[in-house]
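Chemist: Structure for the following, please:
(2 chains)
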There are 2 protein chains.
Amino acid sequence: MGTKENKFAELSNIIRERHSIRHYDPDFKISEDEIREIIKEAVYAPSGNNLQSWRFLIITDQKLKEKIFTASNDQKQVLEASALIIVLGDLKGYEQVELIYTRSVKEGIVTEKFKNAKVAKVKNTFEKETSRYGNPNWKRDLVLIDGSLAAMQLMLAAKAKGYDTVPMIGYNTEQLRKILNIPDRYVNVLMIPIGKAAQPAHRTIRLSVDEITFWNGIE
Amino acid sequence: MGTKENKFAELSNIIRERHSIRHYDPDFKISEDEIREIIKEAVYAPSGNNLQSWRFLIITDQKLKEKIFTASNDQKQVLEASALIIVLGDLKGYEQVELIYTRSVKEGIVTEKFKNAKVAKVKNTFEKETSRYGNPNWKRDLVLIDGSLAAMQLMLAAKAKGYDTVPMIGYNTEQLRKILNIPDRYVNVLMIPIGKAAQPAHRTIRLSVDEITFWNGIE
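Modeler: Modelled structure (predicted):
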């Protein structure tokens, strides 16, 4: 994995090989173990206070996929992909703060004192602050951001294993939540079909770097 | 870049080498060209309808960093990192739909007919749908998700180049917006200091895959 130049080229390769795939080989199945390996890489993503509020609801049952197909405006990838990985953000994820920091103490990463201060501060913030810096959506924003960071690593890890994905947002989330009986605490981030491409992706273009960057001020 | 096994190992390496770094060498400067190279990789991320609503406000001016330092509750990385990359989501990003799909036609990726239908549909959806599937925040959600996907690739690309980052969310976004005069159309996604680590990261733990996954239903 050698030099810096090599690493950047290797990563760039995986990044550029990943394309959103909408046609999957319906006979190709990815094992549950491989899905676990991919998720394991995904969750090395960073998260606010290391709260890791991402959750993954994985659908492999064909009958469930058929129901979800109707909630997706009949997008074929939902039926044909090996699995659907529904990325959720847990608005109550902060309740794991004690568990997470207790383990960190056990691993010798932080002190008991640090843990106690962190647990108190996180609980206080999440339980009492209905708005942060004028943003009443701050908790929802947080789980969407953290869930998306993990989702991006998930899609890259899938590609590095030779599989394909497509991040979906344009489906009927209300209907999906009813079908799967998803509790209110979980926010929809993305639905990601994963499988083996049956057709190559169509290319897409990108705006140039200069069209999307500002230096030291806007305008 | 060889075999599938190699690729997964190479990616895993970069993913696991990335740590949130809070202490930077204040004398180390990353060139603007290198920052552009990193952003170029970042924006190969997918986005809804390929609208690419991510925007990057890059701060290299030390006086501006000093002002932002006060809005960050005095977090040292803001002063010491080579640059701050403020990831924004443009709520009016959809207005680029015509430009993006006109270029796609020119590249022979889609037909004129496809373009016209896409432009009409996107404009109609963004201009008229105040709520989607019961979610009044759908536009904000979208730019947060797409911006975060690009941000994750940005942090990995920085690491692959030998640089370090830390995704920040716990700063005074209201104050930051005032300091930088950020128009309302741009949503704060993350602020990412980038530079050369002055101290190694402290390790962090992760919940196990089984603790954050559900198979074919919740509970």
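Chemist: contacts and neighbour counts: CA atoms only from here.
Modeler: Will do.
Chemist: Helix or strand for A:Val87, just tell me which one.
Modeler: strand A:83-90 (DSSP states H and E).
Chemist: mind listing the helices for chain A?
Modeler: Using DSSP state H, the helices assigned to chain A run over residues A:4-17, A:32-42, A:62-71, A:77-80, A:97-106, A:112-128, A:138-160, A:173-180, A:209-212.
Chemist: Now the ones you listed in JSON lines, please, with extra columns for mean pLDDT.
Modeler: Shown next, in JSON lines, are the helices of chain A (pLDDT from 0 to 100):
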{"stretch": "helix A:4-17", "mean pLDDT": "93"}
{"stretch": "helix A:32-42", "mean pLDDT": "98"}
{"stretch": "helix A:62-71", "mean pLDDT": "97"}
{"stretch": "helix A:77-80", "mean pLDDT": "97"}
{"stretch": "helix A:97-106", "mean pLDDT": "98"}
{"stretch": "helix A:112-128", "mean pLDDT": "97"}
{"stretch": "helix A:138-160", "mean pLDDT": "98"}
{"stretch": "helix A:173-180", "mean pLDDT": "97"}
{"stretch": "helix A:209-212", "mean pLDDT": "98"}
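Chemist: show me the contacts for A:Pro183.
Modeler: For A:Pro183, the set of contacting residues under the criterion of CA atoms under 8 Å, 6 or more residues apart in numbering or on different chains consists of A:Arg177.
Chemist: Which residue is the nearest non-sequential neighbour of the spatially most central residue of chain A?
Modeler: Nearest to the mean C-alpha position of chain A, by CA atoms, centre = their mean, lies A:Ala151 at 2.5 Å. By the measure of CA to CA, 6 or more residues apart in numbering or on different chains, the closest residue to A:Ala151 outside its immediate chain neighbours is A:Ala42, 6.6 Å from it.
Chemist: Can you report how many residues lie near that neighbour?
Modeler: Here the count is done by other CA atoms under 10 Å in any protein chain shown, and A:Ala42 has 24 residues near it.
Chemist: again with A:Leu99
Modeler: A:Leu99 has 12 neighbours, counted by other CA under 10 Å.
Chemist: hang on, the earlier thing: just checking, the residue nearest to the centre of chain A touches B:Ala150?
Modeler: No: A:Ala151 sits out of contact with B:Ala150 when judged by CA atoms under 8 Å, with a separation of 10.9 Å.
Chemist: and the residue nearest to A:Lys139 when sequence neighbours are not counted, what is it in contact with?
Modeler: In space, and not counting its chain neighbours, A:Lys139 is closest to A:Leu91: 6.7 Å by CA to CA, 6+ apart. In this structure, A:Leu91 makes contact with A:53, A:139-140, A:143, A:185-187, judged by CA under 8 Å, 6+ apart.
Chemist: Let's see that with 10 Å instead.
Modeler: Contacts of A:Leu91 were listed using CA atoms under 10 Å, 6 or more residues apart in numbering or on different chains, and they are A:53-54, A:126, A:139-140, A:142-144, A:184-187.
Chemist: between these, which is closest to chain B?
Modeler: Proximity of those to chain B was ranked by CA to the nearest CA; the top entry is A:Leu144 with 6.2 Å.
Chemist: Now do the end-to-end distance for stretch A:45-52.
Modeler: Here the two ends of stretch A:45-52 are set 9 Å apart, with distance taken as CA to CA, to the nearest Å.
Chemist: starting at the chain centroid, how far to that stretch?
Modeler: Relative to its parent chain, stretch A:45-52 has a centroid offset of 12 Å by CA atoms, centre = their mean, to the nearest Å.
Chemist: Looking at that stretch now, give me its mean pLDDT.
Modeler: For stretch A:45-52, the per-residue pLDDT values average out at 97.
Chemist: Repeat that for stretch A:181-198.
Modeler: If you average the per-residue pLDDT over stretch A:181-198, you get 98.
Chemist: rewinding a little: these two touch, right, the residue nearest to the centre of chain A and A:Ala45?
Modeler: Yes: in terms of CA atoms under 10 Å, A:Ala151 counts as a neighbour of A:Ala45; the distance is 8.9 Å.
Chemist: shared neighbours, those two?
Modeler: In the contact map built from CA under 10 Å, 6+ apart, the residues linked to both A:Ala151 and A:Ala45 are B:Met152.
Chemist: which residues touch the residue nearest to A:Ala197 when sequence neighbours are not counted?
Modeler: Across the structure, with CA to CA, 6+ apart as the measure, the residue nearest A:Ala197 apart from its sequence neighbours is A:Tyr24 (4.5 Å). When contacts are counted by CA under 10 Å, 6+ apart, A:Tyr24 touches A:76-82, A:164-165, A:193-200.
Chemist: Next step: those residues restricted to strands.
Modeler: Helix and strand membership here follows DSSP state E; of these, those in strands are A:164-165, A:193-195.
Chemist: which one among the residues you listed gets closest to chain B?
Modeler: A:Thr165 (10.5 Å).
Chemist: any idea of the pLDDT on that closest one?
Modeler: According to the model's per-residue confidence, A:Thr165 sits at a pLDDT of 98.
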